[in-house]
Structures are given as C-alpha cells and as structure tokens.
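*Asks:* any chance you could fold what I've pasted below:
(one chain, ligands or ions: 2)
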Amino acid sequence: MQSIIITGGAGFIGSHVVRLFVNKYPNYRIINVDKLTYAGNLANLEDIENAQNYRFVRADICDFDAMCALMWEEKVTGIIHLAAESHVDRSIKDPFTFARTNVMGTLSLLQAARLCWESLPEKYEGKRFYHISTDEVYGDLEITHPEGIKSPFADMAAPSGHNLAYGTDFFLESTPYDPHSPYSAAKAASDHFVRAFHDTYGMPTIVTNCSNNYGPYQFPEKLIPLFINNIRKRIPLPVYGKGENVRDWLYVEDHARAIDLIFHSGEVGETYNIGGFNEWKNIDLIKVIIATVDRLLGNPEGHSLDLITFVTDRAGHDLRYAIDSRKLQKELGWEPSLQFEEGIERTVRWYLDNQEWMDRITSGDYERYYEEMYNKR
Ligand code: NAD
Ligand code: TYD
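*Replies:* Residues are numbered from 1 along each chain as shown. Ligands and ions are numbered 1, 2, ... in the order given. Got it, this is the predicted structure:
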C-alpha cells in the first residue's frame, strides 16, 4: 500500500500524472497537493475527482508546517514533485516568485519528508522522493545544421516524417548545469537541493530532466495552446525573434508514463533525461499547427499563415534544446510511443473540442470561476 503526494497535480503535466496513478493503482492513495495558482485548474481532473483513492489538498508547498502535518496524517511513502512556477516569460518579469516556489518550496518538501521519514523505525525503507525537472537547467546547444540533419536517434523516436536534428550535441545526464533564465536557474537550484539531500542525509531521491511537453490541459501562455487558440480567434501569433529556436517536443502522456516507470523502477540517487528525440524549429512547428488547425476548422490551406507576426526576441532566449534519453531507454526500456504528427493532431483536436475549457481561462473570469468551484467543495 503506497500513499503518494503528487504536488502540482492541478497543473498541466501534474494532472496527467494524477489521472494515470489514480486509474492505474486503485490500491494506492493519491494526494494531490496544489496551491491553485493561476496555472492550477481543478477542471483538469473532473473525471477522477470522486475516485475513492484520490484526495485534493489545497496548500502551498512553501508552508513547511502544512507539509509536515500532511506527511504524518497520510503516512506518506512517496512524493512526486511537480509543483513549480513554470513559464520562462513570467520568470523574466518576476524572478522572486520563481525562487520562492521552485527553490524554497522544494526545500520545504524535502525537509518535511526527511523529518517524517527519519523518525520512523523503518526510516527511508520503501520511501521515494521523485523530483521532476527540466532540460533547461543544462543551458542551450548550438545550431550547427540550420537545415537539419537526420537525427542520430531517429530509430528511437516514434517514426515520423520529420526526425531531424539541428546540431550534433545533445544534453546528457552528465552535462554541466548552465541555466540562463530565472526559471531554469530556480529549477537548477532545486535539483541541487534534492541531490544534496541524497548525499547528505541518504534520502532516496530521483531527479528527471524532461524536454518540452505538449498535449491537452496546458495553460495557454505556452506556445502550442496559445497559438491554437489565437488561430481559432484570428489573433496574431507572436513569434519571438526569427522563429529559429529549436525545442525537443514530447507528448505529455509519454512523460507521465516515464514518470510512472521511473518512480517504480528507477535507481535511487540517479538522474534520467526524458526527451522525444523530436526537434523542431519554432517556425516549422508553427506552420504545422497552422495547417492542422486550418484543416480541422475547414479553412482553405494557408488561410492563417498571415497571422504569423515576428516580435522582439525573448531576453536570453535559449537557442536549442535536444535531449539524449538513451540511458532511460537502455536501463528501463522507455521510449516515446506517439508519433509526433499524431500527437499534434490529437492536441489540436482536443483544444478545438474543449473550447469552453480554454474560454474560461482566457475570458478573465478564471480566478472567480475556480474560487467558486473550490468553495463548493
Ligand atoms: P504548470 O504551470 O502547468 O503547473 C504547475 C502547478 O503547480 C499548478 O497547478 C500550480 O497551481 C502549482 N503550484 C505552483 N506553485 C505552487 C506552490 N507554491 N504550492 C503548491 N502548488 C503550486 O506546470 P507544468 O508545465 O505542468 O510543469 C510541471 C513540472 O514539470 C514543473 O516542475 C516544470 O518545471 C516541469 N517541466 C515542465 C515541462 C513542460 O514542458 N511544461 C518540461 C519539463 C519539466
Ligand atoms: P514555451 O512554450 O514558452 O516553452 P519554453 O520557453 O520553456 O521552451 O516556448 C516554446 C518556444 O516558443 C520558445 O523558443 C519560445 C517560443 N515562443 C514564441 O515564439 N512565442 C510565444 O508567444 C511563446 C509563448 C513562445
């Protein structure tokens, strides 16, 4: 019997992880701890909110006393930690909030778990603290092949018409940390704290660093949902710089599957990179999104290309992220399962079919809406 806290479970990736665990492990108790910031949305979990093995707790991970109390009350055996401030553009405007939640919040959880587990007779036996991080901590990579070359990992990715790489370097688990944005700096600091708790106190920790996720329930400040919504409403698409930056995209359910596997079978003290072997230049990806939305809305081909608007680049904009996740493949047998073309099709369809979800968030009524929804509980 496991009792697992999942932090940030009302956010994008967290909601997929909560859903997977609640449905797949009826004998586990799943406790979703989320502060419900602007990015947390209980509507992401409506399908499982009444499940017997699920509990939602509205709390701030920085509230050390609340975290300690919950550890005891629920006899927690595992923590999967996703709660964070996650948007680079917001971190440029407000770095303090990022340091508070990502660094101090992670430390508060680590210390609460340590004090609780160390006081038990069995101590760390059967316990696990799993910290979800990002590839952005490694800094960025050069684009040495602007037109793209066949990815050396093409055979490992789900087969696709694309499978290009834009350089010959990739992030490995051993790549030195070199964060550039306040977001990635705060995530890097939190990763260091997690490893320090393993090395100093023997806490059974695991860290994973994943590339850009896409899929349903992503807050529409991030590229893919923002652009799908803008195309639907014929709002200009703000492409930073020349749109030449490269990201490695992974379907969110494949990430959730990796988290499940690593939580149960990963080696304590280890780090695993998780990536899609799926690099895209922003501008090429944006054209795929436009073509898909136009097709699904019945617009003529190329109808929304005129919405592309090149704007001032993001400060410190990382050029290229590309993950080498062969360690995870070799040691635990994980691979991305979904072909990118299918993932994008599914994603666009989901946002077009769930316009109410999107409109609630973008209408400005969102804060009021979720306060009311929460108060009903
Ligand atoms: P998100 O912004 O969609 O969700 C974050 C969640 O954390 C929200 O529900 C929010 O309410 C909650 N939260 C924020 N501050 C909190 C606090 N102080 N106490 C309790 N809850 C709080 O983020 P996401 O995109 O789902 O990312 C989840 C995690 O995965 C983050 O740690 C992020 O760094 C990491 N990650 C994200 C990506 C990506 O592409 N989105 C890629 C790799 C890693
Ligand atoms: P984003 O979804 O914010 O993720 P991250 O910065 O963590 O990679 O952005 C993905 C890429 O898209 C990134 O290179 C920045 C770019 N971008 C735009 O060009 N315009 C936008 O409006 C946004 C939000 C992002």
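*Asks:* interface residues of this protein facing ligand 2?
*Replies:* By Cβ under 6 Å from any ligand atom, the residues of the chain that approach ligand 2 are 88, 212, 222-223, 226, 238-240, 245, 247, 282, 314. Any C-beta I mention is one placed from the backbone N, CA and C, and that applies to glycine too.
*Asks:* ok, now with 8 Å
*Replies:* 86-89, 134, 136, 181, 183, 212, 221-224, 226-227, 237-241, 243, 245-247, 282, 286, 311, 314, 317-318, 321 (Cβ under 8 Å from any ligand atom).
*Asks:* mind naming the longest helix for the chain?
*Replies:* helix 182-201 (DSSP state H).
*Asks:* what about residue 110, distance to ligand 2?
*Replies:* Using Cβ to the nearest ligand atom, to the nearest Å, residue 110 is found at 24 Å from ligand 2.
*Asks:* what residues of the helix or strand that residue falls within count as buried?
*Replies:* Assigned by DSSP states H and E, residue 110 belongs to helix 106-118. Within helix 106-118, the residues that qualify as buried are 106-114, 116-117, counting by 16 or more other Cβ atoms under 10 Å.
*Asks:* which of the residues you listed lies closest to residue 208?
*Replies:* Closest to residue 208 out of the buried residues of helix 106-118 is residue 106 (14.1 Å), distances taken as Cβ to Cβ.
*Asks:* the residue nearest to the closest one when sequence neighbours are not counted: how many residues sit nearby?
*Replies:* Nearest in space to residue 106, with sequence neighbours left out and distances taken as Cβ to Cβ, 6 or more residues apart in numbering, is residue 190 at 3.9 Å. Here the number of neighbours of residue 190 (other Cβ atoms under 10 Å) works out to 26.
*Asks:* assess the claim that residue 190 and residue 102 are in contact.
*Replies:* Yes - contact criterion Cβ atoms under 8 Å: residue 190 and residue 102 qualify, at 5.1 Å.
*Asks:* now do the contacts for the closest residue to ligand 1 within the stretch 1-150 of the chain.
*Replies:* Taking Cβ to the nearest ligand atom, ligand 1 has its nearest neighbour within the stretch 1-150 of the chain at residue 11, 2.0 Å off. If you count contacts by Cβ atoms under 8 Å, 6 or more residues apart in numbering, residue 11 has them with 34, 39-41, 44, 82-83, 86, 219.
*Asks:* remind me which residues of the stretch 151-300 of the chain are low pLDDT?
*Replies:* 157-161 (pLDDT under 70).
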